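*Asks:* The amino acid sequence is not available; the structure is as follows:
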């Protein structure tokens, strides 16, 4: 596996984990603006990384999620 794909996989797992934690926390406290911002940043960063890797469908899905 090439090093860029490996790095993408590592970073994307971390971003998905962060977004998941934040979304679960938002279920308990939907008014938590910091958590909402964190979810947005995770999706935005992951969208950019998917675009760099030419994972177009993933980038489109994340754009819709934003």
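*Replies:* Great, that's in hand. Computed from a prediction, not measured in an experiment: that's the story for all the values here.
*Asks:* Find the helix or strand that residue 26 is a member of.
*Replies:* Per DSSP states H and E, residue 26 falls inside helix 3-28.
*Asks:* Report the buried residues of that helix.
*Replies:* Neighbour-count burial for helix 3-28 flags 8, 12, 15, 18, 19, 22, 25, 26 (criterion: 16 or more other C-beta atoms under 10 Å). C-beta coordinates here come from the backbone N, C-alpha and C atoms, glycine included.
*Asks:* Which pLDDT value belongs to the third one?
*Replies:* It refers to residue 15. Note for residue 15: predicted pLDDT of 97.
*Asks:* which residues does it contact?
*Replies:* By C-beta atoms under 8 Å, 6 or more residues apart in numbering, the contact list for residue 15 reads 42, 45, 46, 49.
*Asks:* Give me the secondary structure label for the last one.
*Replies:* Look at residue 49: counting by DSSP: H, G, I helix; E, B strand; the rest coil, its state is helix.
*Asks:* Distance of it relative to residue 23?
*Replies:* Distance of residue 49 to residue 23, given as C-beta to C-beta, to the nearest Å: 19 Å.
*Asks:* What residues of the host helix or strand of residue 59 count as buried?
*Replies:* Assessed by DSSP H and E, residue 59 sits inside helix 56-65. Under the neighbour-count criterion of 16+ other C-beta under 10 Å, helix 56-65 has 58, 59, 62 buried.
*Asks:* Looking at the last one now. What's its pLDDT?
*Replies:* Spelled out, that is residue 62. 93.
*Asks:* How about the contacts made by the closest residue to it other than its chain neighbours?
*Replies:* Once flanking residues are discounted, residue 62 sits nearest to residue 47: 3.7 Å by C-beta to C-beta, 6 or more residues apart in numbering. By C-beta under 8 Å, 6+ apart, residue 47 lies in contact with 58, 59, 62, 63, 66.
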